[in-house]
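> Build the 3D model from these lines:
(one chain, ligands or ions: 1)
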Amino acid sequence: MGDNEKSHFNAIAGKYHETAKSWETLYVQTRQLLNPIVTGKRVADVGNGGVFVFDPGLTKKTTCLDIAESMLAQIQDDRVEKIVTDARSMDGIADESVDAIVFNFSLHHINGSNVRESLQTLEDVISASNRKLVRGGKLIIGEPVFNRLMFTLQSLLFPVTKLILATFGVSMIYQFSQTVILEKLARCLLCRPESVMVHELEIRNSFDPLGGSFPGTIKIPGWFYPGRFLVFIATKPEAD
Ligand SMILES: C[S@@+](CC[C@H](N)C(=O)[O-])C[C@H]1O[C@@H](n2cnc3c(N)ncnc32)[C@H](O)[C@@H]1O
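Prediction:
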């Protein structure tokens, strides 16, 4: 599990940062939300890829986890601890040792070999986060999401998409819907779906929608994008 993601992201690490600049206005909005939450806290950023959606200088400790060592090598900040590990296990992070866990633009790259396994993988990743978070800790997910129709269509096309991407040596991408993410957070973090804060980011400029898969291939105007960018902020309950 994860071998394809690892080799894909190790291969694109150099190009990724240039293309990620087209998402800067999204990152700016996310930093505004996250900086107050991470201040003075122990934070794990999973799938960091060398891009911060919060200021690591504000935290008590920042640990960046990534499956691809070349993506972690892009981080220039000496204050940051780096661990090469898979989000499904988060090995290297002690249980109940972090106050906040961040996943930004990474969950749609962490999949199984079909729809059922991909939904199970999302549960595995949130369950691993639940183990690593202290009670009252925050799980923060920044993701592009599809509406119900696009999500269903994408699910039907899963095998074909996977095959086409594999032809180019690119790992699978599978975007979730808001409902699916809320449902999995409720099930695996044991929080109430209505307690999860959901913020929609404004797409203010043209951007590269394929930057995590085919960096630098195209740029589209924001209004043409068939999804929405959401930031979910969930809290691990204080008591069982
Ligand atoms: C599209 S990049 C996002 C980077 C950054 N968080 C951002 O917002 O631009 C996805 C990142 O997730 C990492 N990744 C993919 N699969 C992973 C896994 N199973 N475990 C941990 N990291 C993973 C990739 O190596 C890559 O750095």
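
> ok, longest strand in the protein?
Secondary structure of the chain read by DSSP state E shows that its longest strand is strand 133-145.

> What is the distance between the helix or strand that that one is followed by and the centre of its chain?
Next along the chain after strand 133-145, taking DSSP states H and E as the criterion, comes helix 148-156. Put simply, helix 148-156 sits 20 Å off its chain's centre (C-alpha atoms, centre = their mean, to the nearest Å).

> So which bits of the longest strand of the chain are buried?
Across strand 133-145, burial judged by 16 or more other C-beta atoms under 10 Å covers Leu133, Val134, Gly137, Lys138, Leu139, Ile140, Ile141, Gly142, Glu143, Pro144, Val145. C-betas here are computed from N, CA, C, even on glycine.

> of those residues, closest to the ligand?
Distances from the ligand to the buried residues of strand 133-145, taken as C-beta to the nearest ligand atom, are shortest for Gly142 (6.8 Å).

> list the contacts for Lys219?
Lys219 is in contact with Ser22, Ser206, Phe207, Asp208, counting by C-beta atoms under 8 Å, 6 or more residues apart in numbering.

> Contacts only, for the spatially most central residue of the chain.
The centroid of the chain falls nearest to Ser106 when counting by C-alpha atoms, centre = their mean (2.9 Å). Ser106 sits next to Val46, Gly47, Gly49, Ala87 when contact means C-beta under 8 Å, 6+ apart.

> for Met197, same thing?
So Met197 contacts Phe232, Ile233, Ala234 (C-beta under 8 Å, 6+ apart).

> who does the longest strand of the chain pair up with?
strand 98-104 (parallel), strand 228-235 (antiparallel) (DSSP bridges).

> right, and Asp99 touches Lys61 too?
No - using C-beta atoms under 8 Å, Asp99 makes no contact with Lys61, being 9.3 Å away.

> higher neighbour count, the two?
Asp99 (20 against 15; other C-beta atoms under 10 Å).

> So which residues of the chain form strands?
42-46, 61-66, 81-84, 98-104, 133-145, 197-201, 228-235.

> So which residues on the chain come close to the ligand?
2, 5, 9, 20, 46-49, 51, 53, 65-68, 71, 86-87, 104-106, 109-110, 212 (C-beta under 6 Å from any ligand atom).

> re the thing from before, can you redo the contacts of Ser106 as a markdown table with pLDDT and neighbour count?
Listed next are those as a markdown table, based on pLDDT from 0 to 100; neighbours: other C-beta atoms under 10 Å:
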| residue | pLDDT | neighbour count |
| --- | --- | --- |
| Val46 | 98 | 28 |
| Gly47 | 97 | 24 |
| Gly49 | 92 | 27 |
| Ala87 | 98 | 25 |
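
> Show me which residues of stretch 48-68 are buried.
Buried-residue list, stretch 48-68, by 16+ other C-beta under 10 Å: 48-54, 56, 58-59, 62-68.

> What is the burial count for the closest residue in space to Pro226 that isn't next to it in sequence?
What sits nearest to Pro226 in space, not counting adjacent residues and going by C-beta to C-beta, 6 or more residues apart in numbering, is Met150, at 5.6 Å. When counting by other C-beta under 10 Å, one arrives at 14 neighbours for Met150.

> Now do the contacts for Met150.
Gln175, Pro226, Gly227.

> Looking at these, spot the one nearest the ligand.
Closest to the ligand, out of all of the contacts of Met150 and judged by C-beta to the nearest ligand atom, is Gln175, at 11.9 Å.

> Test my guess that Leu58 contacts Val38.
Yes - in this structure, Leu58 is within contact of Val38 by C-beta under 8 Å, at 5.9 Å.

> re the thing from before, what's the farthest-apart pair in the contacts of Ser106?
Gly49 and Ala87 (12.0 Å; C-beta to C-beta).
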